[in-house]
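Asker: Sequence plus predicted model, see below.
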Amino acid sequence: MALEIKKSACPLNCWDSCGFTVTINDGKISKIEGDKDHPITKGKICGRGRLLEERTNNANRLTQPLKKIDGQFHPISWQQALDEIAGKMKSVKEEFGSTSVLHSHDYANGGLLINLDSRFFNCFGGVTELTGSICWGAGIEAQMWDFGDSYSHSPEDVLNSNHIVIWGRNVARTNMHLYEKLQEAKRNGATISVIDPIHNATAKIANRYVSIKPGMDAFLAFGIMKEILRLKLEDISFIQNHSIGFDDVIELLSSISMEQIVAYTEVEEEIITELAHVYGNGPVMTYMGLGMQRYKNGGNTIRSIDALVAMSGNVGIPGGGANYGNLQVGQSFNVGNLTLSDKKTATRSFTMMKQAEGILTAEEPPIKMIFVTCGNPLTQVPDTNKVKQAFERVDTIVVIDQYMTDTAVVADYVLPTTTSFEVEDVYYSSMYHGYVNYGPKLVEAPGEVKSDFEIWSELANRLGFGDEFSYTREQFIKMGLTSLIGNNVTFDQIKQKGHMKLPEVKDVPWASYQFKTPSGKYEFTSQKAEKKGQNGKLTLSLPRESMHTNRPLGEEYPYTLLSIHPLRSNHSQHYHIIPGLQQNKIEVSTDIALEKGLQENDTAKIFNDRGELTGVVKILKTSHSKVINVDEGNWKAFGGSVNVLTSDEVSDNGLGSTLYDCLVNIEKC
Ligand SMILES: Nc1nc2c(c(=O)[nH]1)N[C@H]1C(S)=C(S)[C@@H](COP(=O)(O)OP(=O)(O)OC[C@H]3O[C@@H](n4cnc5c(=O)[nH]c(N)nc54)[C@H](O)[C@@H]3O)O[C@H]1N2
Ligand SMILES: Nc1nc2c(c(=O)[nH]1)N[C@H]1C(S)=C(S)[C@@H](COP(=O)(O)OP(=O)(O)OC[C@H]3O[C@@H](n4cnc5c(=O)[nH]c(N)nc54)[C@H](O)[C@@H]3O)O[C@H]1N2
Ligand code: SF4
Ligand SMILES: [Mo]
């Protein structure tokens, strides 16, 4: 038996972007472990990564193209599937124009060549595309306004911090290598504060846990800034020399009292003062999560925390930073070479959030055909009932996936695709560190499975633009890396080592205080926003669904529903292979349990005007008193997605989501 051990990389949409060592036994993946040589992973990976072995080998994996006939799926040949799909594309383009085709996707695979989907649709003439991001849109735009870009400090730099503030990031669950770094920093003497409505696993190692009312973090930042000014702890030199608009912040802060701040946030004044001393005694490294900006006021929340970090002198210094995304990595590639956006002659876009609304209301042209890739909108996009209704209204749906997901179930054609071990690519994440990883082809794909790339190129041949796909994967990877070549990076180096830190990536961003904003300074009041016709100032904005903004709704549905990321699954991708996950768990605060007479393991129903969901009650020992959580990603077969309850409303900036801006009620069944 031939046993081999090879390096590879995790393709999952995750902060960590780990390096793997993969054991291959007789042409099959048999084990996935962490690559000890990888500077971030250092030999450790999570269960989601290890279970990619199961996701590759599972007997339920799709291995043949399927076509739905009279409500039942039947295997068909690739020849038939691709001929029929290309034929349909041609005819809808002739009759309605190319934008009658919608490409619905998310970012389930962090490989560079996933961008070839855009090349295909651009060469076809341009389809209806999705803009914005359910994941992190509001916060990215917020940082674009404040700094001119969204950059994080290198993982190692946390060891230079005096204090660390984990603000709405579930580090122990979603960002395991930061969790390890936090433990190391704590041993070195740094303090850790966790600000979160839920006492999550990271709070267990923190020196200070601050429970906050969901959606009210900007007010906490305002309270801390007020105290910093009162205590004269602000960085006057940074404010005077490297920023604009601080007068607007002072005006805003004087328009709200500390009593109001305490009432909104439900954080005690003493704790606000303590946090002012933390920020005044830097360097302080602030790690913001993405959950916290999935509210109507999410962009303003991230901007207000950025402002706190900036005015306290924690921008551009080792051990500091307003760490949210790290676009330095993604921006290093030459993605335009892969996507050929100037090939498209027609354009239309829907926001990712409101794709269902778009499908239901589009007229000139209507949506006649949908392609779904790297996404599972029937579980992951808000307002599932509306998404289902919209998808059911479209004549032809093509889903490219590895499994019969809730979205694949509503398709007309399901095309089986490869896992990352069956094709060559380079992988990266624009969320945490600055490394790019190499993933070679390690095994043959099972059955008749074809990669997304092969599917695009075979459809392109049928549609008359096959030339644009007449390159090998390696040639395409090199095309995407051309922007790096002058920088002493070659594909062969990445290949040889298995990973590489991209030379452009700065460990301490903004150290020169040269910001990428219109003024070149840090902008407390954003000129970019003003140019767009918006008020670029920070505001006292509130979540959309709350007692303060909609009293009748707040009375009917008194609890905020969070739907945070599951520990053991990456979104919906692991539920079907982990029996222990195959039931919705409704986590409620102890106060809600008392109020509603709920006990551990009772069956309960949560509901609002959009939908309802049943599950088993779990009681959160420490959390904000009005909070319920159901982890996102669950399949219909196992109780259904929490998104039956969430709203498709878009956030205040950046076309982000408002998934956690969601009121519900609960009753025992
Ligand atoms: N295990 C696991 N890890 C993952 C993923 C996964 O599916 N599973 N997904 C990956 C992806 S795509 C992403 S985007 C990241 C997301 O990573 P995170 O941002 O860490 O995860 P979220 O689950 O979005 O929420 C993070 C935290 O925000 C808190 N929170 C919610 N509302 C508020 C609020 O109003 N204020 C404050 N202060 N906190 C709030 C929640 O209680 C939760 O602890 O995780 C990545 N890593
Ligand atoms: N209620 C609620 N909803 C949420 C969130 C939340 O916190 N709460 N989080 C949001 C966030 S942050 C995100 S990032 C999104 C994630 O949303 P999605 O990306 O839609 O979620 P996944 O479950 O990862 O689904 C990805 C699908 O792509 C398939 N896939 C994997 N690799 C490939 C490939 O190479 N090619 C193709 N064609 N398919 C592939 C997988 O099998 C899977 O079915 O969900 C969002 N939805
Ligand atoms: S899911 Fe994230 S933490 Fe887990 S192995 Fe993949 S990159 Fe690493
Ligand atoms: Mo995400």
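Answerer: Noted; the coordinates are in hand. Numbering: from 1, shown residues only. Ligands and ions are numbered 1, 2, ... in the order given.
Asker: excluding its backbone neighbours, what's nearest the most centrally placed residue in the chain?
Answerer: Centroid check for the chain by Cα atoms, centre = their mean gives residue 135 as the closest residue, at 3.5 Å. Excluding the flanking residues, the one nearest residue 135 by Cβ to Cβ, 6 or more residues apart in numbering is residue 290, at 6.1 Å. Where you see a C-beta, it was placed from the backbone N, CA and C, and this is true even at glycine.
Asker: What is the burial count for the one you found?
Answerer: Neighbours of residue 290 under the rule other Cβ atoms under 10 Å: 27.
Asker: For it, give me the pLDDT.
Answerer: On the pLDDT scale, residue 290 is placed at 97.
Asker: Likewise for the one 10 residues further on?
Answerer: As predicted, residue 300 sits at a pLDDT of 98.
Asker: coming back round to it: give the phi and psi angles for the residue nearest to residue 135, as a check.
Answerer: When quoted as degrees, to the nearest 10, the phi and psi of residue 290 stand at phi -100, psi -20.
Asker: what about the residue nearest to the centre of the chain, which SS state?
Answerer: What DSSP: H, G, I helix; E, B strand; the rest coil gives for residue 135 is coil.
Asker: try residue 342
Answerer: helix.
Asker: Now do the phi/psi pair for residue 131.
Answerer: Torsion angles, degrees, to the nearest 10, at residue 131: phi -120, psi 170.
Asker: Bridge partners for it, pull those for me.
Answerer: When bridges are called by DSSP bridges, residue 131 pairs up with residue 351.
Asker: From ligand 2, how far off is whatever residue of the chain ends up closest to ligand 1?
Answerer: Closest residue of the chain to ligand 1, Cβ to the nearest ligand atom: residue 291 (2.5 Å). According to Cβ to the nearest ligand atom, to the nearest Å, residue 291 and ligand 2 sit 6 Å apart.
Asker: before we move on, back to that, thinking the residue nearest to the centre of the chain is in contact with residue 107, fair?
Answerer: Yes - under the criterion of Cβ atoms under 8 Å, residue 135 makes contact with residue 107 at 7.4 Å.
Asker: where do the contact lists of those two overlap?
Answerer: residue 13 (Cβ atoms under 8 Å, 6 or more residues apart in numbering).
Asker: The host helix or strand of residue 628 - contacts with which helices or strands?
Answerer: If you go by DSSP states H and E, residue 628 is part of strand 627-629. Of the remaining helices and strands, those touching strand 627-629 by 3 or more Cβ pairs under 8 Å, 6 or more residues apart in numbering; DSSP states H and E are strand 559-562, strand 585-589.
Asker: Turn those strands into a markdown table, columns for mean neighbour count, mean pLDDT and distance to ligand 2.
Answerer: Compiled in a markdown table, these are given as follows (neighbours: other Cβ atoms under 10 Å; pLDDT from 0 to 100; distance: least, Cβ to the nearest ligand atom, whole Å):
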| stretch | mean neighbour count | mean pLDDT | distance to ligand 2 |
| --- | --- | --- | --- |
| strand 559-562 | 25 | 98 | 8 |
| strand 585-589 | 22 | 98 | 14 |
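Asker: I'd like to know which of those strands lies nearest to residue 147.
Answerer: For residue 147, the closest of the helices and strands packed on strand 627-629 is strand 559-562, at 27.7 Å, according to Cβ to Cβ.
Asker: Verify the stated contact: residue 430 with residue 329.
Answerer: Yes - with contacts counted by Cβ under 8 Å, residue 430 reaches residue 329, the gap being 5.3 Å.
Asker: For those two, indicate the residue with more neighbours.
Answerer: Neighbours per residue (other Cβ under 10 Å) separate residue 430 from residue 329, with residue 329 holding more: 24 against 21.
Asker: Each with direction, which strands does the longest strand along the chain pair with?
Answerer: Criterion DSSP state E: the longest strand present in the chain is strand 612-620. According to DSSP bridges, strand 612-620 forms sheet pairs with strand 585-589 (parallel), strand 603-607 (antiparallel).
Asker: Switch the ones you listed over to JSON lines; also include distance to ligand 1.
Answerer: JSON lines is the format used below for these (distance: least, Cβ to the nearest ligand atom, whole Å):
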{"stretch": "strand 585-589", "distance to ligand 1": "10"}
{"stretch": "strand 603-607", "distance to ligand 1": "17"}
